[in-house]
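[1] I need the structure of the sequence given here:
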Amino acid sequence: MKAALYQGVENIEIAELPDYKCADDAIILKNIYSSICGTDVAVYKHGLGLGHRITVGGEFGHETVCKVSAVGKNVKDIKVGDRVYPYPILVTGDRKRAGTIGGFSEYIYCPNPVWEESVYHVDDSISDKAAALIEPFTVGCRAARRGLPQLGEKAVVFGAGTIGIAAAISLKYFGCKQVVICDYSDFRLNICKQLGFDVYNNKADTELQGLKEILGTNVGVNGEAVDCEIWIDAAGADSVLTAYEKLGKYNSRMVLVAVGTSKREVDILGLTFGQKSITGSGGYSPEDVADVLEIMKSGKWDIDKMITDEYSLENLSEAIERAADVDNALNVIIRFD
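    Presented below is the predicted three-dimensional model:
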């Protein structure tokens, strides 16, 4: 089988590996489409230690949708041709490989599969391309859930990448009446607008005056504040936390989902007297998968619009470079023929 192997900074080898042999208690999955994660871009551009446990010489990729291509004789209820989402934490039998399941290989080996645990059925109403985004959508859904959204609340999401948009869609799904997406990329914000969101380019507005005009104002510990209950940082810029400390209203909540390695100072006194909270959100759980599948089945959001580019496996390096171009691309997927 063909497989992309990470060989270091800006170095990917498309190798020919031995085909899997299906054991009696296993299944083999053939990738249909795989999506490029921001952590894939970071490791490709800058090296190890910036994302999942990718190793030099190893397979990588973890955002994918597959068809079952082989089934062991002891496996029940799963058949060849079933379209599935492989749950990264469990699909390979090795939790350490959650970020390197072989999304950029032709096939994934799944020992001891269990329906709705290691593999999930993908409804026919969900397109192949949208299904390739199930994994990042579960990350965004988890971040939205961690914000404890209540019916009728307002929210702002910083970062118009796949996870940020997924968080925004999930917030609407959970009952928020208004969600604004902020980013520096007009290209990406235009796609968010097509999906039905209010958008704001905050690149030149550190005081977020434009955001106040969209969401209105309220009162916070520092005076005038943005009138929204939930802030989600899917961008990872230090300025987002700074803005929340200054402009978050009383009793608001902030969720950090962007992967960052820097340590930051936090105004504990401001959080205390402002009755505010900052919460981290990483990964996903089965309840997030269930909600994302319902979101995609609902058809309320044209998720295919988020996919701007499609490449073959042989052109993976070019595809990752394209995914890094935030002013001209959003989600980039790999097609397996």
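
[2] can you map out the strands along the stretch 201-337 of the chain?
    Using DSSP state E, counting those that start in this stretch, the strands assigned to the stretch 201-337 of the chain run over residues 217-220, 223-226, 230-233, 253-256, 277-280, 307-312, 331-335.

[3] Give me whichever of those is most buried.
    With neighbours defined as mean count of other CB atoms under 10 Å, the strands of the stretch 201-337 of the chain peak in mean count at strand 230-233, which reaches a mean of 28. C-beta: built from backbone N, CA, C; applies to glycine.

[4] Shouldn't residue 93 be within a helix?
    No: applying DSSP: H, G, I helix; E, B strand; the rest coil, one finds residue 93 to be coil, outside a helix.

[5] for the nearest residue to it once chain neighbours are set aside, what are its contacts?
    Closest residue to residue 93 apart from its sequence neighbours, by CB to CB, 6 or more residues apart in numbering: residue 111 at 4.7 Å. Applying CB atoms under 8 Å, 6 or more residues apart in numbering, we find residue 111 in contact with 23, 25-26, 92-93.

[6] redo that, cut-off 7 Å
    With contacts taken as CB atoms under 7 Å, 6 or more residues apart in numbering, residue 111 has the following neighbours: 23, 25-26, 93.

[7] Please name the bridge partners of it.
    With DSSP bridges as the criterion, the beta-bridge partners of residue 111 are residue 26.

[8] What does the pLDDT read for residue 60?
    According to the per-residue confidence, residue 60 scores 94 in pLDDT.

[9] ignore the last one, residue 51
    Note on residue 51: pLDDT of 67.

[10] ok, which stretches of the stretch 151-300 of the chain are helices?
    Remark: helices of the stretch 151-300 of the chain, listed N- to C-terminal, are 162-173, 186-194, 209-215, 238-247, 268-274, 286-298; assignment by DSSP state H, counting those that start in this stretch.

[11] Format these as CSV; extra columns: mean neighbour count, distance to residue 327 and mean pLDDT.
    As requested, those are exported to CSV (neighbours: other CB atoms under 10 Å; distance: least, CB to CB, whole Å; pLDDT from 0 to 100):
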stretch, mean neighbour count, distance to residue 327, mean pLDDT
helix 162-173, 28, 16, 98
helix 186-194, 18, 5, 98
helix 209-215, 17, 20, 95
helix 238-247, 20, 19, 94
helix 268-274, 13, 34, 95
helix 286-298, 18, 27, 98
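
[12] Save those as JSON lines, and put in distance to residue 335 too.
    As requested, the helices of the stretch 151-300 of the chain are exported to JSON lines (distance: least, CB to CB, whole Å):
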{"stretch": "helix 162-173", "distance to residue 335": "17"}
{"stretch": "helix 186-194", "distance to residue 335": "20"}
{"stretch": "helix 209-215", "distance to residue 335": "38"}
{"stretch": "helix 238-247", "distance to residue 335": "34"}
{"stretch": "helix 268-274", "distance to residue 335": "46"}
{"stretch": "helix 286-298", "distance to residue 335": "19"}
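
[13] which stretch among the ones you listed comes nearest residue 225?
    When the helices of the stretch 151-300 of the chain are ranked by proximity to residue 225, the top entry is helix 238-247, at 5.2 Å, counting by CB to CB.

[14] helices or strands up against that closest one?
    In terms of contacts (3 or more CB pairs under 7 Å, 6 or more residues apart in numbering; DSSP states H and E), helix 238-247 is packed against strand 230-233.

[15] Can you give the strand pairings for the strand it packs on, parallel or anti for each?
    Taking DSSP bridges as the criterion, strand 230-233 sits next to strand 154-158 (parallel), strand 253-256 (parallel) in its sheet.

[16] And those strands: which comes nearest residue 328?
    Short answer: strand 154-158, nearest of the strands paired with strand 230-233 by CB to CB, at 20.3 Å.

[17] what residue ranges in the chain are flagged as low confidence?
    Residues of the chain meeting the criterion pLDDT under 70: 50-51, 261.

[18] May I see the domains of it written out as residue ranges?
    The chain breaks down into these structural domains: 2-122+303-335, 136-280 (assignment by automatic domain parsing).

[19] Now the terminal residues of the last one, how far apart.
    Yep, that's domain 136-280 we're talking about. Length of domain 136-280, first residue to last, CA to CA, to the nearest Å: 16 Å.

[20] Rebuild the strands of the stretch 201-337 of the chain as TSV, extending it with distance to residue 48.
    Compiled in TSV, those are given as follows (distance: least, CB to CB, whole Å):
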stretch	distance to residue 48
strand 217-220	40
strand 223-226	38
strand 230-233	24
strand 253-256	23
strand 277-280	22
strand 307-312	23
strand 331-335	21
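
[21] Which strand or helix spans the closest residue to residue 284 other than its chain neighbours?
    For residue 284, the nearest residue in space outside its immediate sequence neighbours is residue 138; the separation is 3.6 Å by CB to CB, 6+ apart. Taking DSSP states H and E as the criterion, residue 138 maps to helix 134-146.
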